[in-house]
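A.B. asks: below are the sequence and a predicted model; questions follow.
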Amino acid sequence: MRGVRRILFMDDSAEPMRMLTWLLLNTLGITVFVFGLLLWGYSVTIQLTHPEWLADTLTHHVFAPLNWRVDDVGIIGFAIAPFGFFTWIISRSRLTGSRHEEPRLSPPNAPIHPIGATDPTPVTWICPKCGSTSAGKRFCTNCGVKKTE
């Protein structure tokens, strides 16, 4: 196993293998969820349109699971869909980080500026029309010319 990890990920850390495991569980979970719902939907559709077919098998082959009854397949699909859903949700939260953590958009030591806040240090600029100075405003207080950036 150590050689496979070294070949696949070019290092000795176990983190890529854990991520690969969660990725496989994510894929398996969504697949089981979708196909469980599809099996259940097929069974419900057959029950509504042709109720006499419920006792029939899925196909005429003699090996399982193709020889299971339609109503049994619907019950199994309805039963496995929640397990696939919860596996998908848990593995998705493991892949993207805990759902209880706030996403970090900036480095941890960066200053926090709330939305809509202005820069704490006003920039002084000189109006090109009248030559007066304005500190931190978007227009000249004397002639009304807009500040260009």
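C.D. replies: Everything's here; your move. Residues are numbered from 1 along each chain as shown.
A.B. asks: domain map for this structure?
C.D. replies: 2-96, 121-149 (automatic domain parsing).
A.B. asks: can you tell me which of those domains is most buried?
C.D. replies: domain 2-96 (a mean of 14; mean count of other CB atoms under 10 Å). To be clear about C-beta, it is placed using only N, CA and C from the backbone, and glycine gets the same treatment.
A.B. asks: returning to that earlier point: mean pLDDT for the domains of the chain: which is lowest?
C.D. replies: Out of these, domain 121-149 stands lowest, with a mean of 70 (criterion: mean pLDDT).
A.B. asks: relative to Thr87, how far out is Leu23?
C.D. replies: 12 Å (CB to CB, to the nearest Å).
A.B. asks: er, Asn142 I mean
C.D. replies: 67 Å.
A.B. asks: for the chain, just list every one of the helices.
C.D. replies: Using DSSP state H, the helices of the chain run over residues 2-9, 15-49, 70-96.
A.B. asks: indicate which one of those helices is closest to Ser132.
C.D. replies: Of all the helices of the chain, helix 70-96 sits nearest to Ser132, with 52.5 Å by CB to CB.
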